[in-house]
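*Asks:* coords please:
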Amino acid sequence: MFITAFLLFFVPFITAILVLIYSPYEKNINLKHLLTFSGSYLFSITLIHILPEIYQNKNNSNFLGLIVLGGFVFQMLLELMSKGIEHGHAHIHFHESFNSKKAIIMLVSLGAHSFVEGMILIHSSESHHNHDVQSLLIGLLIHKIPESFALTTSLIYSKFRSKKIFYYIIIHASCSPLGLFLANYIQDYFIDFNFVIYIFAVVSGSFLYLSTTIFFEQNPQHRLKPTRLIWFLLGAWIATLVHFFKI
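*Replies:* So this is what the prediction gives:
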């Protein structure tokens, strides 16, 4: 669990530090292919791993479907505050920037998103389902690269001091590990198997929203470029290999 928590902290932290050092918003770095890959991976792992695991509980399937829908709406509401940072979209325009109040609102929204994501990596010794942490962890780590890139770029463009940005980076990177630790605490001390399923349901709804938003946002005219299709298929292929063959 501690290695998982370390990776959840390290990847967004080091990504943000590199962005802070090199200020890539001035160099027009394009993350569209990485976004397509991460969106495809999350979408695929939701379909082949998370949703089948949820619906193993056949006695409660209708209620769990409502929670999946709730997770979708929950992520939609978070995006109203975060401006799309979760899927790597900074929404920065040259005539506007974030002040401290907007930055805190964005950070709280992104923190809630990351906190719930971390909970899905719970190490459940009590469960009878096939809970494969590895495939989920890989997806989250890939997802956090454009997420951290967009957050840090937004803060740099808004002329925040480097020291303040560094504090925000620490807070953001800590949210997923904290979610993981809380989920394991609840699992160990309250021993409620359904807790895991409910978290899976919420996160699956969130992943479905994020992944489909990435696809539609990058194809506003509904024109699928061959390169984008290749990255989508690559993400789906890697997710399938990691899940079924434990690569």
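
*Asks:* could you point out the longest helix in this structure?
*Replies:* helix 162-190 (DSSP state H).

*Asks:* where exactly do the helices run in this structure?
*Replies:* 2-22, 32-45, 51-54, 61-82, 100-119, 133-157, 162-190, 193-218, 226-245.

*Asks:* what comes up buried for the lowest-mean-pLDDT helix or strand in the chain?
*Replies:* Of all helical and strand segments in the chain, the minimum by mean pLDDT, DSSP states H and E falls on helix 193-218, at a mean of 83. Within helix 193-218, the residues that count as buried by 16 or more other Cβ atoms under 10 Å are 195-211, 213-215, 218. Bear in mind the C-beta positions are built from the backbone N, C-alpha and C, glycine included.

*Asks:* Which strands or helices does it pack on?
*Replies:* Counting contacts by 3 or more Cβ pairs under 8 Å, 6 or more residues apart in numbering; DSSP states H and E, helix 193-218 packs against helix 32-45, helix 51-54, helix 61-82, helix 100-119, helix 162-190.

*Asks:* Out of those helices, the one nearest Ile14 is which?
*Replies:* Nearest to Ile14 among those is helix 162-190 (8.9 Å), distances taken as Cβ to Cβ.

*Asks:* okay, the angle between the closest one and helix 2-22?
*Replies:* Angle of helix 162-190 versus helix 2-22, following axes from the mean of the first three to the mean of the last three Cα atoms, to 10 degrees, is 170 degrees.

*Asks:* for the record, mean pLDDT for helix 162-190?
*Replies:* Summarised as a single mean, pLDDT over helix 162-190 is 88.

*Asks:* which strands and helices sit next to it?
*Replies:* Here helix 162-190 touches helix 2-22, helix 100-119, helix 133-157, helix 193-218, going by 3+ Cβ pairs under 8 Å, 6+ apart.

*Asks:* Ile45 is nearest to which of those?
*Replies:* Judged by Cβ to Cβ, the one of the helices and strands packed on helix 162-190 that comes nearest to Ile45 is helix 133-157, at 5.1 Å.

*Asks:* packing partners for that closest one?
*Replies:* Helix 133-157 packs on helix 2-22, helix 32-45, helix 100-119, helix 162-190, helix 226-245, going by 3+ Cβ pairs under 8 Å, 6+ apart.

*Asks:* Deepest in the core, which of these is it.
*Replies:* Stretch with highest mean neighbour count among those: helix 32-45 (a mean of 24; mean count of other Cβ atoms under 10 Å).

*Asks:* tell me which strands and helices it is in contact with?
*Replies:* Judged by 3+ Cβ pairs under 8 Å, 6+ apart, helix 32-45 is in contact with helix 133-157, helix 193-218, helix 226-245.

*Asks:* CA atoms of the last one as PDB?
*Replies:* I take that to be helix 226-245. Provided in PDB are the C-alpha atoms of helix 226-245 (Å, rounded to 0.1, in the frame of the first residue of the first chain):
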ATOM      1  CA  PRO A 226      -6.200   8.500 -37.900                       C
ATOM      2  CA  THR A 227      -3.500   9.500 -35.300                       C
ATOM      3  CA  ARG A 228      -6.200  10.000 -32.600                       C
ATOM      4  CA  LEU A 229      -7.800   6.600 -33.500                       C
ATOM      5  CA  ILE A 230      -4.400   4.900 -33.200                       C
ATOM      6  CA  TRP A 231      -3.800   6.400 -29.700                       C
ATOM      7  CA  PHE A 232      -7.300   5.400 -28.600                       C
ATOM      8  CA  LEU A 233      -6.800   1.800 -29.800                       C
ATOM      9  CA  LEU A 234      -3.400   1.800 -28.100                       C
ATOM     10  CA  GLY A 235      -4.900   2.900 -24.800                       C
ATOM     11  CA  ALA A 236      -7.600   0.200 -25.100                       C
ATOM     12  CA  TRP A 237      -5.100  -2.500 -26.000                       C
ATOM     13  CA  ILE A 238      -2.700  -1.700 -23.100                       C
ATOM     14  CA  ALA A 239      -5.600  -1.600 -20.700                       C
ATOM     15  CA  THR A 240      -6.700  -5.000 -21.900                       C
ATOM     16  CA  LEU A 241      -3.200  -6.500 -21.700                       C
ATOM     17  CA  VAL A 242      -2.600  -5.200 -18.200                       C
ATOM     18  CA  HIS A 243      -6.000  -6.400 -16.900                       C
ATOM     19  CA  PHE A 244      -6.200  -9.800 -18.400                       C
ATOM     20  CA  PHE A 245      -2.600 -10.800 -18.600                       C
END
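
*Asks:* Understood, closing this out.
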